[in-house]
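> My questions concern the predicted model and sequence given below.
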Amino acid sequence: MGRIANQYFEGGQAPTATQLNAVYNSVASDSIKDVNLDTEWAQRIHFSDSNSITSLFTFDYDGTSDWNTTNTAFATIENVAGTPSKVLPNYTTHGNVVVRVQASGLVAVTALNTNDGNGTLAQINNNTYAFRLLMTINGGGSTVDIANCTYSFTPKGGFTTTTSPTQLNMNFVTIAFSGLCTLPAASVIDSIELQACVGLTNNSINIRHNHIQAIVVEN
Amino acid sequence: MAFVKPFTYVDGAVLAATNHALNEDALREYVNQEVIAADVSADTIVGESIATPRIITTVQTSDFISKTLQGVSKIRLPQEYSWFTATTKSDNQTSNNIKDFQSLNNTGAEVIIYKDNTKVMITFYAKAVGQLNSTVTRGPGNGKWDNKFLLQYEKDGIITQFSGSRSYVWENFKGLNGSGIIDPGAEENACGHRSVMMTRMLTLSAGRYKFSVAVNSKVEKGQINCQTFTIETFHV
């Protein structure tokens, strides 16, 4: 109802039915436009609790059991059998959304199969382990690597001019990383899981407490 | 609810006052009270339609419609430290059993939660340094020199700690011998300079909460810097 038809009558004038109906028909056939809205009219109370702008999902493993991997392929962390590090939003997007994810955790004891390598490009993997947050969407139709990060076993960088191999692997290191991605309307977010791997087979990491936070922001 | 005109005027018919009032009342109620999503055109609500956030710099709070953001950020002030120290010495300092968690200053913030089941997102990052102890207290024992950090909050005088947020830094010492349950691995800077990072999503009931990060210190002098601590309270 950006514009409502007005009728002006003179004293003693008999209005026609068309004139009288016009103003009401204008409202019935039109819709509210920005000219009808006051500045700052929308307050917190106006927003729905059940159909929120933000939807939040979290996973926490706070215990002291380790999950170990010596594999170069990403696998989902699972400190307790049958309870993988995963959130299951089962969320259908209404419009274009931003998916924000964060993860953190504690890497307990690590072990190098031999050493951290000679620092060349070819041996980066000797000294690295990695994490990622993998999102599965649309009934398993596709996956998205939303966020990932790589750490070194020793204080030496994975790719460095320091060529002497060491075995000075660090234990009880905290990890944390975050990421963003966008999804179109009518996407279904099935799951987001925290995965880990090592760069070189038989290097070993033990993951202890770990956490996932996912925030889906509509609009 | 789209507007429906209760009465349609007809030429030549005597207009009853009640019928005219029906239309007037229906229009008034529609415009004032019964506007629903379907009545609002696409792309109608613009940014200025939503209430302006309140920025309260004295308590480092930004209050938006969708969420409240609080906390501290000292990323650009690397020289500004929050110090910690073992406040109990000798046997207590080396004990695995005696814990003396002290809240680190300049971490955290106080939040007021108005509704039960409100979700908050906590993000804490810091660089932690465990400096070299004096000769007397150096090497307290295998696995007993870990400085443990935990996220905690105080509500109604009761402190709640989250064991799943534990992070560590050790005495920056070359020559660590052996290890206990919490083994730093490599020594010197590799154990004495660590990143402390915590992310946590919590569901809180109504009330006042004072969040901070606390440390059970086993070194005579340690510090964190470059710290950032944010609390996001999601409202809608």
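Perfect, I can see it now.

> contacting residues for residue 168?
You didn't say which chain, so I picked chain A. By CB atoms under 8 Å, 6 or more residues apart in numbering or on different chains, the contact list for residue A:168 reads A:116, A:154-156, B:185-186, B:190. All C-beta atoms are positioned from the backbone trio N, CA, C, and that covers glycine.

> nope, chain B please
A:172, A:174, B:146-149, B:182, B:184, B:194.

> elements contacting the lowest-mean-pLDDT helix or strand in chain A?
The weakest-scoring helix or strand in chain A, judged by mean pLDDT, DSSP states H and E, is helix A:17-29 (a mean of 80). Packing contacts for helix A:17-29, counted by 3 or more CB pairs under 8 Å, 6 or more residues apart in numbering or on different chains; DSSP states H and E, involve helix B:17-33.

> The helix it packs on vs chain A: in contact?
Yes. Residues of helix B:17-33 are located near chain A by CB under 8 Å from any CB of the partner chain, namely B:23, B:27, B:30-31.

> what does that helix contact?
A:23-24, A:27, B:1, B:3-7.

> For it, buried residues please.
B:23, B:26-27, B:30-31 (16 or more other CB atoms under 10 Å in any protein chain shown).

> what lines up beside the helix or strand just after that helix in the sheet?
As assigned by DSSP states H and E, the chain's next helix or strand after helix B:17-33 is strand B:54-56. Here strand B:54-56 has these sheet partners by DSSP bridges: strand B:61-63 (antiparallel).

> tally of neighbours for the residue in chain B positioned nearest to chain A?
Nearest residue of chain B to chain A (CB to the nearest CB) works out as residue B:164 at 2.8 Å. Neighbour count of residue B:164, defined by other CB atoms under 10 Å in any protein chain shown: 21.

> from the contacts of helix B:17-33, which is closest to residue A:90?
residue B:1 (31.1 Å; CB to CB).

> per-residue confidence at that closest one?
Residue B:1 carries a pLDDT value of 60.

> With residue B:193 instead?
Taking residue B:193 on its own, its pLDDT is 94.

> Please name the nearest non-neighbouring residue to it.
residue B:129 (5.6 Å; CB to CB, 6 or more residues apart in numbering or on different chains).

> and chain A, what are its domains?
For chain A, automatic domain parsing gives the domain ranges A:1-41, A:52-218.

> Any stretches of the chain with poor pLDDT?
If you meant another chain, say so; for now it's chain A. Judged by pLDDT under 70, chain A has its weakly predicted residues at A:1-7, A:30-31, A:33-35, A:219.

> sorry, should have said chain B
Using pLDDT under 70, the flagged stretches of chain B are B:1, B:32-37, B:43, B:76-78, B:87-96, B:135-144, B:176-180.

> what do you get if the cut-off is 90, keeping everything else the same?
Where chain B drops to pLDDT under 90, the residues are B:1-5, B:9, B:11-67, B:69-110, B:131-146, B:170-183, B:187-188, B:216-221, B:225-228, B:235-236.

> all helices for it, in order.
B:17-33, B:90-94, B:189-192 (DSSP state H).

> Now that we have these, can you turn them into CSV and tack on distance to residue A:95?
Listed next are these as CSV, based on distance: least, CB to CB, whole Å:
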stretch, distance to residue A:95
helix B:17-33, 27
helix B:90-94, 57
helix B:189-192, 48
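
> Just put the contacts of residue A:168 in a markdown table and tack on distance to residue A:77 and neighbour count.
Output for those, formatted as a markdown table (distance: CB to CB, whole Å; neighbours: other CB atoms under 10 Å in any protein chain shown):
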| residue | distance to residue A:77 | neighbour count |
| --- | --- | --- |
| A:116 | 23 | 27 |
| A:154 | 22 | 23 |
| A:155 | 25 | 18 |
| A:156 | 26 | 21 |
| B:185 | 20 | 21 |
| B:186 | 24 | 19 |
| B:190 | 24 | 21 |
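
> Report the two of the residues you listed separated the most.
Most distant of the contacts of residue A:168, by CB to CB, are A:156 and B:185, 13.2 Å apart.

> ok, now which ones touch residue 193?
By default, I'm working from chain A. Neighbours of residue A:193 in contact, by CB under 8 Å, 6+ apart: A:76-77, A:84-87, A:133-134, A:136, A:212.

> The intended chain is chain B.
B:127-129, B:169, B:172.

> What is the most widely separated pair among the contacts of helix B:17-33?
Taking CB to CB, no two of the contacts of helix B:17-33 sit farther apart than A:23 and B:1, at 18.6 Å.

> which of the two has more neighbours?
residue A:23 (16 against 9).

> Strands of the chain, start to end?
I'll assume chain A. Ranges of strands in chain A, per DSSP state E, are A:54-61, A:67-69, A:75-76, A:86-87, A:91-92, A:97-111, A:128-137, A:142-152, A:173-183, A:188-198, A:204-218.

> I was after chain B.
So, for chain B - with DSSP E - the strands run B:54-56, B:61-63, B:67-73, B:82-84, B:101-103, B:110-113, B:118-130, B:147-155, B:158-169, B:193-204, B:207-216, B:222-234.

> What residue spans form the domains of chain B?
B:1-44, B:50-234.

> Mean neighbour count, those: which tops it?
Of these, the one with the most neighbours on average (mean count of other CB atoms under 10 Å in any protein chain shown) is domain B:50-234, at a mean of 17.

> Now do that one: distance to the chain's middle.
What separates the centre of domain B:50-234 from the centre of its chain is 12 Å, taken as CA atoms, centre = their mean, to the nearest Å.

> List only those of the contacts of residue A:193 flagged as buried.
A:77, A:84-87, A:133-134, A:136, A:212.

> Can you find the residue of chain A that comes nearest to chain B?
For chain A, CB to the nearest CB, closest residue to chain B: residue A:62, 2.8 Å.

> Leaving aside the residues adjacent along the chain, what's closest to that residue?
residue B:164 (2.8 Å).

> contacting residues for the one you found?
Neighbours of residue B:164 in contact, by CB under 8 Å, 6+ apart: A:60-63, A:209, A:211, B:200.

> And it, how far from residue A:64?
Distance of residue B:164 to residue A:64, computed by CB to CB, to the nearest Å: 10 Å.

> Give the intersection of the neighbour lists for these two.
residue A:209.

> Next up, the contacts around residue A:161.
Contacts of residue A:161 by CB under 8 Å, 6+ apart are residue A:119.

> Which strand residues bridge residue A:99?
residue A:181, residue A:216.

> For it, grab the count of nearby residues.
So residue A:99, with other CB under 10 Å, has 25 neighbours.
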